[in-house]
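Novice: sequence first, then the predicted structure:
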Amino acid sequence: MSTQSIAWAKTEVSRRPLVEKLHEWVTTVDHKRLGILYILYALLFLAFGGVEATIIRIQLIRPHNGFVSPQVFNRMFTMHGTTMIFFVAMPILFGFANYLIPLMIGARDMAFPRLNAFSFWMTAFGGLLLYFSFVGGDGLYGAGNAPDVGWFAYAPLTAQTFSRGHSTDFWILSLLVSGFGSVGTAINIIATILCMRCKGMTLGKMPLLVWLNLTMAGLVVLAVSPLTAAQLMLLVDRYLGGHFFDTQAGGSAVIWMHFFWVFGHPEVYVLVIPAFAFASEIIPVFSRKAIFGYPVMVAATICIGFIGMSVWAHHMFTVGMSSAANTFFVLSTMAIAVPTGIKIFNWLATMWGGQIDFKTPMLFCAAFLFQFLVAGLTGVMMSVAPFDWQLGNSYFVVAHFHYVILGGIFFTLFAAFYYWFPKMSGRMYNETLGKLHFWLFLIGFHLTFDFMHIPGILGMPRRIYTYEPGRGWDIWNLIVTVGVFFQAAGVLVFIGNLLWSYWRGKVAGSDPWDAWTLDWSTPSPPPTYNFVTIPEVRSRRPLWDLKHPEDPDWQYE
Amino acid sequence: MNGQRRVTNARVVRSLDILARQVLPFCGSVVGGFAAPAVPSLSPTNIFAPVSTPAQSIFDLSRFVLMVTGSIFVVVFGLLAYAVVKFRKKRASDGREPAQVYGSMQVELAWTVIPILIVVALFLAAARVIASIQNASPPRNAVEVTVIGHQFWWEYRYPSLNVVTANELHIPVSDTEHPAPTFLTLLSADTDHSFWVPRLAGKTDLIPNHPNSMWVDPHETGLYLGQCAQYCGTQHAKMLLRVYVDSREDFDRWIQEQSGPARVSAAASEGQTIFERTACINCHTVAGTVANGRFGPDLTHLMSRDTIASGAAPNTPENLRRWIQDPGTIKPGSKMPAMGLSGPDLMAVTSYLETLH
């Protein structure tokens, strides 16, 4: 077996005081530690965003509910959206990318370890800045006040006229700061993948996870930059007398929408492509088959990246673009369904004829396939601009993008957590608790987001703190809120499982899944600098080659 | 092992072929049957209960889209369910790895080309409806209304009919014998809003410095509800829409009543004096008097409306009093300040407003 054939120097671990350990974590430039820091940081913010979501849903449990005031409600959905996108989903995916990419390409660290640390701390402080608004946001005008302009902060609601005090400034600055961190990490990922691959790992032999993260990083560079530019322009508007988005002085509200969605839509792919990456690693291992159609998967990903840059205005079908512009964005948006469909079919074909072992990671991946199918199809519905004139900005949209982000991205993220937890901690998680988490979360997810489509079809717009009785929305909102508690219970089981397993779990060994990529050739957890001798690969599944010398992959690739 | 791989390939190709020829058309007809009946009783704002041409053509298109996406769902879900059940690891497995299949260009080509064809069909259907709704030009007998969105209420101006009103839009019914579509010009006085009455048409945003337009031609009289669909600030939730579709005679009568100035009665002169000496007139207009503010709703014919505060409360004397005293009790975050009138003054102003029929 491969893993035993590589000898490892045992590192001496002596007992050190806590302060010294903490100091090591704070000053670390090791990609694995930074990856874990990203992940833990994101989990903390996941708790914040989850509490905000729960408050939103309790308020909407029945019509004319008075759980929170409209002002508080508006802050909650603004903070929930901003937190979940910028301070949960992005950092957690960066965390996994940081941790896994060097291990998978046989490198000892990222290309720029110090830039890596810098990027993490920028993101971290960006998040703290956003939450500091709760105590400092209103500045001169009184007590604390979080932003309440919505996560896409349409002009002119962000102008001084409509948003007094400093809550909007906190929103702008925190995204600016974390945006620099995101771009830094993206550049680092690109440089690492292009320059640090081990011998034999040509571009065509990289694991799919690496290919997909390369595409993601390219999208981050292209998408976050316009957002940063727009935030700077908004600051100029607010403090230096600019009129870019100031409609009272002839500025354009529509320009802000374009700037935001030129970022905002590729951002969806920034989040979902790494999710595809997890599925592309986990599904083959638990089906015991090589990924079906590797070159096509790579091509489809790059296709999604490119087309994904040209679909942004499908968020703006209702703002009164010309019929020609609307028609163009219908076509580009529908076109992206083709490469996305190809990916789903390839995952299915990977499972086809396999021996699927439904351990927790695979359960989450199977649910992901189902949910991503539904999310894709509701996406196709809304790409039809006239249909979107009805569905846009309704609860149907809210259900759709939560299907993408929670049902798609978070389900694969949970899969990734369970799959790589043994690698990161050296311990196995508890399988029973993992399955309990899966079923609780699955039930909660479907209660909440299946039924959320219906009030949208029945005319319920998003972002309303209360609604009128007699619209036929009451029962659906009740069910939606009930689902939240199942999800919360699932997440608590998940956190409990991680904590318990970290101290009490069975020792995992280097390769508990009998997997095929280089990360599983290192001990769990991997030592600093990962590899004693840099490995050399001949195929996409180097560990398969070692385990099956009679039938190695490189004979067929 | 290589031979085994090829066998599996052939099997995949064959099952895909069966799928395309037999299963797909069947599923399409099943799903299409389900999507057909529209049930208006589910909700007064059901998008699948259209009564006006734009909403109707969107509904027809959406049935086609649902049929296509529904069929895709059934097929792919079927494949997924089959794979999950059929290819789970057997308890008595011998520990040998299954045949390794690396891919197949024929299969990849099939599941690229078929989706492309579906996309082309959907795109053409969508493009046709976009053009038919967006590029329609107003006929000569069209009613023209300018809708101005405010935080958090609706202003309606009928420029050719000399009528200004707020929050409750009246338009004529448009039947096949007497087509009378209404064309709306959409403007905003402050932030972004969106005009959405689901049974009449899709939504269109009201954006400052960016005039938009839309049209409706309701075939049935009645009251149609909706609300602002673009987040516009604190009270976005209570910026409700009420569209009254009147018979031609009722509509003409309504226009007749609305176009005159306020009929001021002498009995309410005390309330009128207080109204005109306080800040009320900075924001509100009562045609024919000195009150000519434009920041708040026109009150000339206030009592002809069923609701106040943009649909947030029924228009009763009690609600009117509460509203004048402290709008925050009905609609917290409303831009109207609490007037802080003394008891008798409050009664007098309310009585005055109650005369504005």
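Specialist: Received it, and whenever you're ready, just let me know what you need.
Novice: how about the helices in chain B?
Specialist: Using DSSP state H, the helices of chain B run over residues B:2-18, B:24-35, B:53-86, B:105-134, B:248-259, B:269-277, B:280-283, B:317-325, B:343-354.
Novice: stretch A:366-378 near chain B anywhere?
Specialist: Yes - Stretch A:366-378 comes into contact with chain B when judged by C-beta under 8 Å from any C-beta of the partner chain, the residues involved being A:366, A:369-370, A:373-374, A:377-378. Just so you know, the C-beta spots here come from the backbone N, C-alpha and C atoms, and that holds for glycine as well.
Novice: wait, which of the residues you listed is closest to A:Tyr395?
Specialist: Distance to A:Tyr395 across these (C-beta to C-beta) is lowest for A:Thr378, with 12.0 Å.
Novice: ok, the closest one touching A:His400?
Specialist: Yes - in terms of C-beta atoms under 8 Å, A:Thr378 counts as a neighbour of A:His400; the distance is 4.4 Å.
Novice: looking at the stretch 101-250 of chain B, which residue is nearest chain A?
Specialist: Across the stretch 101-250 of chain B, the shortest distance to chain A (C-beta to the nearest C-beta) belongs to B:Gly202, at 2.3 Å.
Novice: in which helix or strand does A:Ile443 reside?
Specialist: Here A:Ile443, judged by DSSP states H and E, is contained in helix A:431-457.
Novice: counting neighbours, what do you get for A:Pro266?
Specialist: A:Pro266: 26 surrounding residues under other C-beta atoms under 10 Å in any protein chain shown.
Novice: so who does it touch?
Specialist: Under the criterion of C-beta atoms under 8 Å, 6 or more residues apart in numbering or on different chains, the contact partners of A:Pro266 comprise A:219, A:222-223, A:308-309, A:312.
Novice: for the residues you listed, which PyMOL command selects only the ones that are buried?
Specialist: What follows is the PyMOL syntax selecting those of those that are buried according to 16 or more other C-beta atoms under 10 Å in any protein chain shown:
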select buried, chain A and resi 219+222+223+308+309+312
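Novice: so where's the chain shaky on pLDDT?
Specialist: All of this is about chain A. With pLDDT under 70 as the threshold, chain A has low-confidence stretches at A:1-14, A:137-144.
Novice: oops, chain B please
Specialist: For chain B, the stretches with pLDDT under 70 are B:1-40.
Novice: in it, which residue is most central in space?
Specialist: Centrality entry for chain B: nearest residue to the mean C-alpha point is B:Trp196, 2.2 Å, by C-alpha atoms, centre = their mean.
Novice: just chain A next, same as before
Specialist: Mean-position check on chain A, C-alpha atoms, centre = their mean. Result A:Ala89 at 3.4 Å.
Novice: and the residue of the stretch 1-150 of chain B nearest chain A?
Specialist: Counting by C-beta to the nearest C-beta, the stretch 1-150 of chain B gets nearest to chain A through B:Thr45 (2.7 Å).
Novice: my guess is that residue meets A:Arg471, correct?
Specialist: Yes - proximity of B:Thr45 to A:Arg471 meets the contact threshold set by C-beta under 8 Å, at 5.8 Å.
Novice: re the thing from before, next, the angle helix B:53-86 makes with the helix holding A:Ile443.
Specialist: Using axes from the mean of the first three to the mean of the last three C-alpha atoms, to 10 degrees, the direction of helix A:431-457 lies 160 degrees away from that of helix B:53-86.
Novice: so which elements touch helix A:431-457?
Specialist: helix A:360-383, helix A:395-402, helix A:411-425, helix A:474-504 (3 or more C-beta pairs under 8 Å, 6 or more residues apart in numbering or on different chains; DSSP states H and E).
Novice: got TSV for the ones you listed, with distance to A:Arg57 and mean neighbour count too?
Specialist: Conversion of these to TSV gives the following (distance: least, C-beta to C-beta, whole Å; neighbours: other C-beta atoms under 10 Å in any protein chain shown):
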stretch	distance to A:Arg57	mean neighbour count
helix A:360-383	19	24
helix A:395-402	11	23
helix A:411-425	20	25
helix A:474-504	4	17
